[in-house]
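>>> one predicted model, sequence on top.
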Amino acid sequence: MTVRSFVVASVFLIALVIASPSVRAAPIQWSGNGHWYDINPTPLYWQDARAAAESMTFANYSGNLVTITSAAENDWLFVTFGPLLSNPFHWIGAFQPDATLLDEGWTWVTGEPWSYENWAAGEPNDYFATDPSVGMYEDVVHFFPLGGTQWADTISTIEFPSVVEYGPPFAVPEPLTLSLFAAGLASLGVLGWRKRKAV
């Protein structure tokens, strides 16, 4: 193979990789929680990005829009995917189930506790909800590159790429149910009955 043939073949392969949006690196694992992360480069509405993430699998784990539960995780994402996250915005898995609660009631798609947030200055601001006649609410969240590693709320009918996370499902603790409460009361009643009978 001549040098010229090698250069032509190399340029062709590089052009093919750049031109093909389906050629991507594999998800990257963060040692902080053992989860894997990837970018879905396809611009989608938030609900469609959520559905797309949940249809993806890697290493026998189902995907979801990323849930960021610590400053360390947020910082790692920007160190790892920084150039990709800086332009354009990217969806994350935060939303408001009741969008009419302005600037409150945020939750993660997995049901994990909302214990960490990293809003850009002035966010969340429900910018589009300032005029009730518009009928739009800023009830979903994206990375806000103008705020560095921070977030902003917006409407869900904008198309952005998204960040996908793969890991074991978060086990949402079940609330105390009436049946458990009744079983506990019945146990106490039996113990009380036994004590009275023994006396």
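Okay, I see it.
>>> just checking, what packs against the longest strand anywhere in the chain?
Longest strand in the chain, counting residues (DSSP state E): strand 36-44. Packed against strand 36-44 by the contact rule (3 or more C-beta pairs under 8 Å, 6 or more residues apart in numbering; DSSP states H and E) you find strand 28-29, helix 46-55, helix 71-85, strand 160-166. (Each C-beta comes from the backbone N, C-alpha and C, glycine too.)
>>> could you give the angle of the third one to strand 160-166?
Same thing as helix 71-85. Put simply, helix 71-85 runs at 140 degrees to strand 160-166, going by axes from the mean of the first three to the mean of the last three C-alpha atoms, to 10 degrees.
>>> immediately after helix 71-85, which helix or strand?
strand 91-95 (DSSP states H and E).
>>> about what we covered before: buried deepest among the helices and strands packed on strand 36-44, which one?
Among the helices and strands packed on strand 36-44, strand 160-166 has the highest mean neighbour count (mean count of other C-beta atoms under 10 Å), at a mean of 23.
>>> gap between that strand and the chain center?
The gap between the average C-alpha position of strand 160-166 and the chain average comes to 7 Å, counting by C-alpha atoms, centre = their mean, to the nearest Å.
>>> contacts for that strand, please.
Outside of strand 160-166, the residues within contact range by C-beta atoms under 8 Å, 6 or more residues apart in numbering are 27, 35-44, 46, 49, 52-53, 56-59, 61-67, 77, 81, 84-85, 88-93, 142-143.
>>> what do you get if the cut-off is 6 Å, keeping everything else the same?
Residues from elsewhere that reach strand 160-166, judged by C-beta atoms under 6 Å, 6 or more residues apart in numbering: 35-38, 40-41, 43, 49, 53, 56, 58, 61, 63-66, 89-92, 142.
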